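Asker: sequence and predicted structure are below.
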Amino acid sequence: MQRHPTLALLGVILASIGFGLVPLFARSLTDQGMAPHAVALYRYTLATLLLAPLAWRWRHRGRVLAWGLAAGLLMGLGWAAYVRAVEVVPVSTAGVLYMTYPAFALAFAWALFGERPQARAIIAALVILGAAALVTGPGNVEPQHLPALLMSLAAPAGFGLGIAVLVHRLPEVPALVRIGIVSAGSVLGLAPLALATPLDALLPVDAAGWGMVAGIGLGTALIPQLLYTICSPVVGTARTAVAGSVELPVMFAIGWFAFGEALGPPQWIACALVLGAILLSPARRPRSVAGAVEA
């Protein structure tokens, strides 16, 4: 894979399409009465059950696993806030705000690991921030929904941290171990919330609901995570973060086709800005990432 960066970039894009399907499953489950944090918990449970035992075999790399566990914990709590936002605001609005994660990824990679962002990466992140501002500007968000949107910033912050940790720390362990430890961290963070939730807000109401639970665990988590975890260290922090922004048009399509949400000029312009940011992202991998992969 490391000899085929274009193929790795395609893997990141395919994984991000899977991530973009989250609102389809999440809103369907919350509409049935499931708590947002329960939806987020189900998203990570399957990967944890299957792969956490592999992570346990690598416990001798405890410091590396601790990075993944901490990143996963914050990512899980962030996803719960994102599911809550999707429950009350249009998918496109919550999605565009979530797309600010490239800026968080670059900031965390710089602050924690000393990866100074390239000029093109900064410009690409600013373009995405501009797209977010366009869709969430005055008049586009109802005042009562502002707290949920502000809380949902925990999702791009957590995912941005996860990208930086994945690229700079977790290449030292196998891909399946990375997925297992990050998923276990998410379950660990969400479990206390689940334990304090009534049973009827934790379980699906029918067979279709259980199908949605399986879909969110497999189609938006386990398979995309595997692709993302294998490919992102090859692509590098900046290009991974920006190429992954293809989630946005996927979420727009979900809002339009599945939930009948109107898409006006601001949404289409925001999509164009995000796709333009992908083209702006730098092709050269950071040295730290290349070294981790080649080791």
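Answerer: Sure thing, it's come through.
Asker: next, Gly260: phi, psi?
Answerer: Main-chain torsions, Gly260, degrees, to the nearest 10: phi 70, psi 30.
Asker: so where does Gly211 fall, helix or strand?
Answerer: If you go by DSSP states H and E, Gly211 is part of helix 207-217.
Asker: so which elements touch that helix?
Answerer: Packing partners of helix 207-217 (3 or more C-beta pairs under 8 Å, 6 or more residues apart in numbering; DSSP states H and E): helix 22-31, helix 36-57. Yep, even glycine has a C-beta here, placed from its N, CA and C like the rest.
Asker: how many residues are close by the spatially closest residue to Gly180 that is not a sequence neighbour?
Answerer: In this structure, Gly180 finds its nearest non-sequential neighbour in Leu51, 3.1 Å apart by C-beta to C-beta, 6 or more residues apart in numbering. Number of residues near Leu51 (other C-beta atoms under 10 Å) recorded here: 23.
Asker: which residues are in contact with Leu51?
Answerer: Residues near Leu51 by C-beta atoms under 8 Å, 6 or more residues apart in numbering: 176-177, 179-180, 183.
Asker: helices - which of those residues land there?
Answerer: Among these, the ones falling in helices (DSSP state H) are 176-177, 179-180, 183.
Asker: so how far is Arg43 from the residue nearest to Gly180?
Answerer: According to C-beta to C-beta, to the nearest Å, Leu51 and Arg43 sit 14 Å apart.
Asker: do the same with Pro266
Answerer: Distance, Pro266 to Arg43, using C-beta to C-beta: 29 Å.
Asker: of the two, who's got more company?
Answerer: Legend: neighbour count by other C-beta under 10 Å for Pro266 and Arg43, higher for Arg43 (29 against 16).
Asker: export the ones in helices among the contacts of Leu51 to JSON lines and tack on pLDDT?
Answerer: As requested, these are arranged in JSON lines below (pLDDT from 0 to 100):
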{"residue": "Leu176", "pLDDT": "90"}
{"residue": "Val177", "pLDDT": "92"}
{"residue": "Ile179", "pLDDT": "90"}
{"residue": "Gly180", "pLDDT": "93"}
{"residue": "Ser183", "pLDDT": "93"}
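Asker: those residues into TSV, with extra columns for neighbour count and distance to Pro204?
Answerer: Formatted as TSV, those follow (neighbours: other C-beta atoms under 10 Å; distance: C-beta to C-beta, whole Å):
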residue	neighbour count	distance to Pro204
Leu176	18	28
Val177	23	30
Ile179	29	24
Gly180	28	25
Ser183	30	20
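Asker: quick one: pLDDT of Arg287?
Answerer: Note for Arg287: predicted pLDDT of 29.
Asker: I meant Gly255, not that one.
Answerer: For Gly255, the pLDDT comes out at 90.
Asker: that one contacts Val91, correct?
Answerer: Yes: using C-beta atoms under 8 Å, Gly255 is in contact with Val91, at 3.4 Å.
Asker: which neighbours do these two share?
Answerer: Here Gly255 and Val91 share the contacting residues 23, 261, scored by C-beta under 8 Å, 6+ apart.
Asker: Ala47 - nearest residue in space that isn't next to it in sequence?
Answerer: Ser183 (3.9 Å).
Asker: list the contacts for the one you found?
Answerer: Counting by C-beta under 8 Å, 6+ apart, Ser183 touches 44-45, 47-48, 51-52, 72, 221, 225.
Asker: just to revisit the earlier point, what's in contact with the helix holding Gly211?
Answerer: So helix 207-217 is contacted by 22, 25-26, 28-29, 32, 34, 39, 42-47, 204 (C-beta under 8 Å, 6+ apart).
Asker: for Pro117, which non-adjacent residue is closest in space?
Answerer: Excluding its sequence neighbours, the residue lying closest to Pro117 (C-beta to C-beta, 6+ apart) is Leu106, at 4.6 Å.
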